[in-house]
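**Student:** can't give you the sequence, but here's the structure:
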């Protein structure tokens with residue numbers, strides 16, 4: 001039994017595609033990169049100078065290998081701090097190449113990576129010539145009760161080219177112990193104070209090397225084959241468009257059971273100016289939508305994801321596929337009446353910032369939510385609402 005367990009663990013570890021970018025003499029006795037070298041990594045082929053990617057003229061921010069030094073940082077770790085990195089890979093004349101951030105093949109992958117990629121490709125029914133890196137970003141603060149299940153859902157993905165980044169806001173519960181437990185499966189993590197959820201998400205974006213991003217809440221779980229299905233769909237039908245916003249369905253978890261809600265294809269982008277009708281958590285989003293446009297606006301504390309979508313509404317291509325992307329807990333912060341008041345306030349900010357008029361129905365739902373939260377029945381009301389919606393979506 002022990003031998004089988006070890007073989008399964010070895011098999012699980014072998015599926016991941018990562019490259020040791022840092023020579024051994026850059027590492028200390030604990031196998032971590034020495035501080036004197038951390039911000040001095042230069043790889044011209046990948047356009048890396050002093051541990052940052054040389055930006056294109058249209059980039060709105062710098063992509064970096066590590067977050068800048070912070071005197072308030074509690075801890076930092078992950079595969080990157082041990083010299084291991086992940087990239088997108090492209091097949092050229094029978095040889096797999098490591099790609100730069102733009103998806104251009106620049107360095108022939110080492111033979112061990114060639115073999116891992118070939119092994120995965122040979123198991124697929126369709127021809128594959130590009131394995132884009134998908135970066136999953138989770139931000140967390142005192143998420144010790146739920147984070148481990150979130151991490152497990154990411155590292156058990158059937159798609160082999162996934163980068164996982166966790167940005168912790170300085171948790172004081174057991175969150176860091178959980179993160180350290182999965183140190184060898186998380187590509188980069190940091191624990192330090194931030195200015196809120198969207199500041200933390202922006203930090204994650206700045207160190208993300210993926211061609212696509214996925215944002216995953218610290219109490220959400222990504223469906224095991226979602227990323228593989230998403231990449232397959234993009235590869236066969238969409239040809240890796242730079243403006244893609246791929247989304248599916250959501251399973252809501254409640255005290256009273258699961259609710260399976262099916263979204264639909266958004267037909268008119270202008271509908272987004274009335275209500276946020278597509279999911280954000282778990283959706284597969286082109287990194288270029290952030291790099292060429294904007295990060296999240298930190299002044300929004302609750303609905304900054306909606307504000308970001310509105311900022312790129314004329315540039316995104318929302319595409320729906322009929323499969324489930326995440327399991328999401330109903331309730332959470334929304335149980336708090338104060339949170340709902342903040343949402344109502346931020347809706348007014350949205351209307352002013354983007355010169356739009358959010359639908360009356362959307363506002364009424366939030367007001368009902370506030371009344372329900374004050375009465376202590378928010379979760380039950382929310383459950384009934386999504387249960388009715390799920391019946392109508394079938």
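**Tutor:** Received it, and whenever you're ready, just let me know what you need. Model, not experiment: these values are computed from the prediction.
**Student:** Where does pLDDT dip in the chain?
**Tutor:** By pLDDT under 70, the low-scoring segments of the chain are 1-15, 331-336, 394.
**Student:** for it, what's the longest strand?
**Tutor:** strand 317-329 (DSSP state E).
**Student:** right, and the helix or strand after that strand?
**Tutor:** With elements assigned by DSSP states H and E, the helix or strand that comes after strand 317-329 is helix 337-354.
**Student:** contacts for that next one?
**Tutor:** 273, 299-303, 306-307, 310-311, 333-334, 356-358, 362-363, 366-367, 369-370, 373-374 (C-beta atoms under 8 Å, 6 or more residues apart in numbering). In this view, the C-beta of every residue, glycine as well, is placed from N, C-alpha and C.
**Student:** do that again at 6 Å, thanks
**Tutor:** Applying C-beta atoms under 6 Å, 6 or more residues apart in numbering, the contact partners of helix 337-354 are 300, 302-303, 310, 333, 358, 366, 369-370, 373-374.
**Student:** buried ones in it?
**Tutor:** Neighbour-count burial for helix 337-354 flags 337, 339-340, 342-343, 346-347, 350 (criterion: 16 or more other C-beta atoms under 10 Å).
**Student:** Show the buried residues in the contacts of helix 337-354.
**Tutor:** Here, 16+ other C-beta under 10 Å leaves 300, 302-303, 310, 358, 369-370, 373 buried among these.
**Student:** Turn these into JSON lines, including secondary structure and distance to residue 210.
**Tutor:** Converted to JSON lines, the buried ones among the contacts of helix 337-354 look like this (DSSP: H, G, I helix; E, B strand; the rest coil; distance: C-beta to C-beta, whole Å):
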{"residue": "300", "secondary structure": "coil", "distance to residue 210": "24"}
{"residue": "302", "secondary structure": "coil", "distance to residue 210": "26"}
{"residue": "303", "secondary structure": "coil", "distance to residue 210": "24"}
{"residue": "310", "secondary structure": "helix", "distance to residue 210": "23"}
{"residue": "358", "secondary structure": "coil", "distance to residue 210": "31"}
{"residue": "369", "secondary structure": "helix", "distance to residue 210": "34"}
{"residue": "370", "secondary structure": "helix", "distance to residue 210": "37"}
{"residue": "373", "secondary structure": "helix", "distance to residue 210": "36"}
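**Student:** Which pair in these has the greatest spatial separation?
**Tutor:** 310 and 373 (25.6 Å; C-beta to C-beta).
**Student:** that older thread, out of the contacts of helix 337-354, the closest to residue 180 would be?
**Tutor:** Nearest to residue 180 out of those is residue 333 (C-beta to C-beta; 25.8 Å).
**Student:** what about the helices in the chain?
**Tutor:** 2-14, 35-38, 111-122, 147-155, 175-181, 197-206, 226-233, 288-291, 304-311, 337-354, 360-374, 378-393 (DSSP state H).
**Student:** Now tabulate the ones you listed in TSV and tack on distance to residue 216.
**Tutor:** Listed next are those as TSV, based on distance: least, C-beta to C-beta, whole Å:
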stretch	distance to residue 216
helix 2-14	20
helix 35-38	27
helix 111-122	22
helix 147-155	6
helix 175-181	14
helix 197-206	10
helix 226-233	10
helix 288-291	16
helix 304-311	12
helix 337-354	20
helix 360-374	23
helix 378-393	20
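**Student:** Which of these sits closest to residue 135?
**Tutor:** Per C-beta to C-beta, nearest to residue 135 of the helices of the chain: helix 197-206, 7.9 Å.
**Student:** Excluding its own residues, what touches that closest one? List them.
**Tutor:** With C-beta under 6 Å, 6+ apart as the criterion, helix 197-206 contacts 64, 137, 139, 165, 167, 169, 194, 290, 295-296, 298, 304.
**Student:** quick one: which of the residues you listed is nearest to residue 322?
**Tutor:** residue 137 (25.1 Å).
**Student:** burial of the nearest residue to the closest one once chain neighbours are set aside, as a residue count?
**Tutor:** Counting by C-beta to C-beta, 6 or more residues apart in numbering, residue 204 is the residue found nearest to residue 137 once chain neighbours are left out, at 3.7 Å. Neighbour count of residue 204, defined by other C-beta atoms under 10 Å: 22.
**Student:** swap in residue 256?
**Tutor:** Quick note: residue 256 (other C-beta under 10 Å) scores 12 neighbours.
**Student:** since we're on the closest residue to it other than its chain neighbours, how many residues are nearby?
**Tutor:** Distance criterion C-beta to C-beta, 6+ apart; nearest residue to residue 256, sequence neighbours excluded, is residue 383 at 5.7 Å. Neighbour count for residue 383, taken as other C-beta under 10 Å: 19.
**Student:** Equivalent analysis for residue 96, please.
**Tutor:** Neighbours around residue 96, by other C-beta under 10 Å: 24.
**Student:** do the one 5 residues further on as well
**Tutor:** Around residue 101 sit 24 other residues, with neighbours defined as other C-beta under 10 Å.
**Student:** what's the answer for residue 244, then?
**Tutor:** Neighbours around residue 244, by other C-beta under 10 Å: 22.
**Student:** do residue 116 as well
**Tutor:** 21.
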